[in-house]
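Engineer: what shape does this take:
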Amino acid sequence: MACRISELVIDAADPGRLAAFWSEVLGYVELGREDDGSIEIGPPDAGFGGPQPTLVLSPSNAPRTGRLRLHIDVSATDRDQDAELERLLALGARPADIGQTGAESWHVLADPEGNEFCLLHTRLRPFRQDAS
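Structural biologist: Purely as a prediction, here's the structure:
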């Protein structure tokens with residue numbers, strides 16, 4: 001058996017703000033808060049250990065230098081890419097320029113703290129807990 005990703009940890013100046021943003025983007029809920037200010041969010045019916053990874057927003061005052069070496073890609077599940085782009089922008093995402101040519105099929109965005117992520121063109125089926 002191999003490993004699987006159970007959590008993604010993102011340093012955040014304001015964990016609450018990022019938790020709210022990513023919860024709206026992904027349809028996640030808050031799963032818990034730690035004494036250090038970390039907030040874990042995840043799928044509402046599965047939580048930690050489910051088939052989808054949770055996100056832990058961990059407080060940090062360290063300045064970020066340069067582009068992230070790892071980023072999140074998201075795909076719409078119930079609308080086309082253009083409609084999802086509008087939704088993400090309304091939630092607080094903003095376009096990010098990382099040197100794309102303009103011919104890409106995806107959009108590069110940044111969350112409210114400037115962490116880059118991509119909205120892919122391909123629409124995925126919504127995740128179902130009872131799916132095999």
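
Engineer: where does this protein dip in pLDDT?
Structural biologist: Where the chain drops to pLDDT under 70, the residues are 1, 127-132.

Engineer: 80 - rerun?
Structural biologist: 1, 47, 49, 64-68, 126-132 (pLDDT under 80).

Engineer: for the residue sitting nearest the centre point of it, which three-state class applies?
Structural biologist: By C-alpha atoms, centre = their mean, the chain has its centre lying nearest to Trp22, at 5.1 Å. The local conformation at Trp22, judged by DSSP: H, G, I helix; E, B strand; the rest coil, is helix.

Engineer: list the contacts of it.
Structural biologist: Trp22 sits next to Tyr28, Ile41, Leu55, Leu57, Asp111 when contact means C-beta atoms under 8 Å, 6 or more residues apart in numbering. No exception for glycine: its C-beta is placed from N, CA and C like everyone else's.

Engineer: now with 7 Å?
Structural biologist: Residues counted as contacts of Trp22 (C-beta atoms under 7 Å, 6 or more residues apart in numbering) are Tyr28, Ile41, Leu55.

Engineer: for Asn115, same thing?
Structural biologist: Applying C-beta under 7 Å, 6+ apart to Asn115 gives the contacts Ile10, Leu68.

Engineer: look up how far Arg17 lies from it.
Structural biologist: Distance from Asn115 to Arg17, counting by C-beta to C-beta, to the nearest Å: 12 Å.

Engineer: surely Leu89 is within a helix?
Structural biologist: Yes. Leu89 forms part of a helix when assessed by three-state DSSP.
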